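Asker: What follows is a predicted structure for the sequence shown.
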Amino acid sequence: MPKNLRTFLEEVQTRWPDDVRVVKRSVDPRFEITGLLANLERTGRFPVVRFDDVQGSALPVLINLFGTYERCAMALGQSSLWEAITRSSEREADPIPTHEVTDAPCQEVVLTGDQVDLRRLPITTHNELDAGAYVCSGGTIIKDPDSGAHNVGIYRHQVFGPRELGYFVNPSHHGNYVRVRYEELDRPMPVAIAVGHHPAMLLASAAQLPRIGGEFEMAGGIMGESMGLVKAATQDIMVPSEAEVIIEGQIEPRHKRDEGPFGEYPWYYTGLGDRPVITVTGITMRHDAIWQDINAAHPEHNCLGMIPKAGSIWRRVLDAVPHATKMNLPMSGCARLHCYISLRKRADGEPKQAAFAAFAAEANLKMVVLVDDDIDVFNEPEVLWAVATRFQGDQDLSVIPNALGAHLDPTAFDITRLQHGAMSTKLIIDATKPAPPTDFPKRALVPSAVIDRMEPDQYLEPITPA
């Protein structure tokens with residue numbers, strides 16, 4: 001059986017039965033779905049939740065699948081966050097070609113013409129000041145008009161009406177480059193949004209691949225099997241055959257509407273203005289389709305993007321500095337804006353090379369902190385200790401102004417510095433010791449062999465009351 005959303009859910013339920021919960025009471029897709037998750041977050045719980053009775057739709061909603069790094073790692077066949085990052089990096093370099101199918105589950109139900117109505121779908125309104133309901137959990141598929149390559153990204157789509165969606169994409173991402181190319185050619189751009197598939201599809205969609213296209217093939221590499229594609233019902237574009245729901249449409253050149261606000265990954269409302277509009281031409285789905293959602297501006301939003309983005313960055317850092325040892329995109333930096341890299345330093349200047357590679361791989365990065373390999377980049381107090389004891393601002397801080405950055409960062413600016421834009425000032429913090437043979441004080445540590453043999457359970461006993 002091909003891998004898909006359902007096969008992965010079975011894996012999660014088998015491994016962590018308490019991680020999957022169902023809500024059978026009727027809920028409003030406006031705030032009540034995300035309201036329950038926010039309540040769970042207060043007590044540190046991040047289960048996958050299926051809502052079976054969503055007002056206004058016959059489809060159930062599945063949300064928070066990516067709510068923990070453990071579940072994201074399992075999608076890559078790994079058990080730890082670092083193993084998942086390296087696995088993602090490897091899969092990016094070892095894709096599996098797709099194959100075409102004719103009998104696709106995603107087309108068991110086909111709605112066209114007057115049947116097309118986005119109100120059939122349980123599209124969620126996530127946060128209090130959102131402009132409305134948003135599709136934010138799909139892999140958005142477009143086709144490069146020059147090469148024919150299919151590109152997949154995760155974008156946000158405001159519901160403007162029964163047959164209209166917004167198209168909001170980072171200016172530095174391939175999804176924008178392709179759209180601009182169609183506009184130059186004065187041609188409509190075909191679009192399809194695939195909702196609900198094996199996590200591999202969205203993990204690959206969030207990766208920073210070096211060229212337009214390749215996400216379907218990377219997803220195949222993650223799953224360990226070729227991804228099946230089928231021709232869309234109303235557009236000249238290929239879509240994943242095992243998806244739950246496909247929304248098809250096209251963007252006419254220069255057709256735009258005011259879009260936003262929407263709570264984004266920095267957990268702020270950012271990114272307002274005129275955006276391209278998708279005119280929906282068809283909706284296809286399984287006969288018992290599940291609508292998958294992502295809990296925007298909450299941990300699931302950050303967890304989903306972290307591993308594939310880190311994998312893309314790591315691959316390029318290793319190309320520049322082969323003796324880099326680990327890296328992390330910490331949650332304190334929204335799992336997007338800050339990067340910690342450790343390396344076994346051979347020569348002074350190498351940390352900057354690693355930072356340059358990271359910035360080139362991911363435009364969203366705002367700060368890169370470099371540490372020695374005795375520092376655990378997944379232990380933030382250790383990283384900050386290295387900054388406190390191995391860094392001096394006058395010689396170890398590099399400031400790079402006016403760089404392409406994270407347009408959803410609330411502090412991003414345009415070239416005039418007078419209004420919001422897609423530019424950022426980037427920082428490199430070199431918190432590494434000088435390279436040999438320069439001397440540096442030794443770290444105070446208990447011998448590791450002694451630590452290993454002093455097993456607490458063999459020594460510690462409760463105090464017996466007198």
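Answerer: That came in fine, so what should we check first? In this text, all values refer to a predicted model and were calculated from it rather than measured experimentally.
Asker: Nearest to the middle of the protein, which residue? Look it up for me.
Answerer: By Cα atoms, centre = their mean, the chain has its centre lying nearest to residue 305, at 1.8 Å.
Asker: element containing it, please.
Answerer: With secondary structure defined by DSSP states H and E, residue 305 is part of helix 299-320.
Asker: Report the buried residues of that helix.
Answerer: In terms of neighbour count (16 or more other Cβ atoms under 10 Å), helix 299-320 has its buried residues at 299-318, 320. Where you see a C-beta, it was placed from the backbone N, CA and C, and this is true even at glycine.
Asker: now the angle between helix 299-320 and the next helix or strand after it, please.
Answerer: Using DSSP H and E, the helix or strand that directly follows helix 299-320 along the chain is strand 324-328. Angle between the axes of strand 324-328 and helix 299-320 is 160 degrees (criterion: axes from the mean of the first three to the mean of the last three Cα atoms, to 10 degrees).
Asker: Tell me how far strand 324-328 lies from the chain's centre.
Answerer: Centroid displacement of strand 324-328 relative to its chain, using Cα atoms, centre = their mean, to the nearest Å, is 19 Å.
Asker: what's the answer for stretch 256-263, then?
Answerer: That offset, for stretch 256-263, works out to 20 Å (Cα atoms, centre = their mean).
Asker: Need the distance between the two termini of it.
Answerer: 21 Å (Cα to Cα, to the nearest Å).
Asker: Next one: residue 267, what pLDDT does it get?
Answerer: pLDDT recorded at residue 267 is 88.
Asker: Tell me which helix or strand residue 359 sits in.
Answerer: helix 350-361.
Asker: and if you look at residue 187?
Answerer: Counting by DSSP H and E, residue 187 is part of no helix or strand.
Asker: Tell me how many other residues crowd the residue nearest to residue 215 when sequence neighbours are not counted.
Answerer: Spatial nearest neighbour of residue 215, excluding adjacent residues (Cβ to Cβ, 6 or more residues apart in numbering): residue 152 at 3.8 Å. Number of residues near residue 152 (other Cβ atoms under 10 Å) recorded here: 29.
Asker: what residues are up against residue 152?
Answerer: 139-141, 194, 201, 204-205, 215-216 (Cβ atoms under 8 Å, 6 or more residues apart in numbering).
Asker: swap the cut-off to 7 Å and go again
Answerer: 139-141, 204-205, 215-216 (Cβ atoms under 7 Å, 6 or more residues apart in numbering).
Asker: Counting only helices, which of the residues you listed make the cut?
Answerer: 204-205, 215-216 (DSSP state H).
Asker: Dump these into CSV; add pLDDT, distance to residue 446 and neighbour count as well.
Answerer: Shown next, in CSV, are these (pLDDT from 0 to 100; distance: Cβ to Cβ, whole Å; neighbours: other Cβ atoms under 10 Å):
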residue, pLDDT, distance to residue 446, neighbour count
204, 96, 43, 29
205, 95, 46, 27
215, 97, 47, 30
216, 97, 50, 29
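Asker: Which parts of this structure are helices?
Answerer: Along the chain, counting by DSSP H, helices occupy 5-15, 32-41, 69-75, 81-93, 174-185, 199-205, 215-223, 299-320, 350-361, 380-390, 393-396, 448-453, 456-459.
Asker: Return the list of helices and strands in contact with the longest one.
Answerer: Translated: helix 299-320. Using 3 or more Cβ pairs under 7 Å, 6 or more residues apart in numbering; DSSP states H and E as the contact test, the elements touching helix 299-320 are helix 69-75, helix 81-93, helix 199-205, strand 324-328, helix 350-361.
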